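Visitor: Predicted structure and sequence below. I'll ask about it afterward.
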Amino acid sequence: MPRRLQLFAVLFAWLLATGSQWDAAQVFAWGKMVADYSRTMPVLDAMRLTFTPGNECDICTAVGAAKQQQQDGPAAPAAKWPAKILLVFQPAPMLVFAVPELSPWTHLDRITVLGASRASPPVPPPRAA
């Protein structure tokens, strides 16, 4: 995945997680209201009427309800659970592997132990003169 696409995906996920989609919908609703009102009145009056608290369109009402639902919804899990949820991690079971017996095709005369033919080191070690 290209780096720009990864950054865009992370930014988009962050915007959705913070509820910015409702802010974008609200800005769209305000723009639509200003455009509709400015057809019949001056732009300043249309903006004043758009941002009057009692004058909300259907989109503004839906966005307000969605924001309220988002704030009430997943933010209060403590009311649903009477106690804390504890995650307990059990230790992994110890695995014991058995060493397999020598197979019938293995010949013991071919097995050599490294260093078996070497002489043992001199005792005591030689001293420098």
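Guide: Okay, I see it. Numbering: from 1, shown residues only.
Visitor: which residues of this structure fall in strands?
Guide: Using DSSP state E, the chain contains no strands.
Visitor: where does the chain dip in pLDDT?
Guide: The chain contains residues with pLDDT under 70 at 1, 73-82, 99-118, 121-122, 129.
Visitor: Identify the single longest helix in it, thanks.
Guide: helix 20-37 (DSSP state H).
Visitor: Which elements pack onto that helix?
Guide: For helix 20-37, the elements it packs on are helix 43-50, helix 58-72, judged by 3 or more Cβ pairs under 8 Å, 6 or more residues apart in numbering; DSSP states H and E. C-beta coordinates here come from the backbone N, C-alpha and C atoms, glycine included.
Visitor: Give me whichever of those helices is most buried.
Guide: helix 43-50 (a mean of 14; mean count of other Cβ atoms under 10 Å).
Visitor: and the angle from the longest helix of the chain to helix 43-50?
Guide: 130 degrees (axes from the mean of the first three to the mean of the last three Cα atoms, to 10 degrees).
Visitor: that older thread, who wins for proximity to residue 85 among the helices and strands packed on helix 20-37?
Guide: helix 58-72 (20.9 Å; Cβ to Cβ).
Visitor: centre of the chain versus the closest one, how much separation?
Guide: 26 Å (Cα atoms, centre = their mean, to the nearest Å).
Visitor: how far off helix 43-50 does that helix point, in degrees?
Guide: 40 degrees.
Visitor: Could you tell me how many residues sit around residue 33?
Guide: 20 (other Cβ atoms under 10 Å).
Visitor: Test my guess that it contacts residue 57.
Guide: Yes - if you go by Cβ atoms under 8 Å, residue 33 and residue 57 touch, sitting 5.6 Å apart.
Visitor: Now list whatever residues contact both of these two.
Guide: With contacts taken as Cβ atoms under 8 Å, 6 or more residues apart in numbering, residue 33 and residue 57 have no neighbour in common.
Visitor: can I assume residue 38 is in contact with residue 46?
Guide: Yes - if you go by Cβ under 8 Å, residue 38 and residue 46 touch, sitting 4.1 Å apart.
Visitor: With adjacent residues omitted, what lies nearest to residue 37?
Guide: Closest residue to residue 37 apart from its sequence neighbours, by Cβ to Cβ, 6 or more residues apart in numbering: residue 46 at 3.5 Å.
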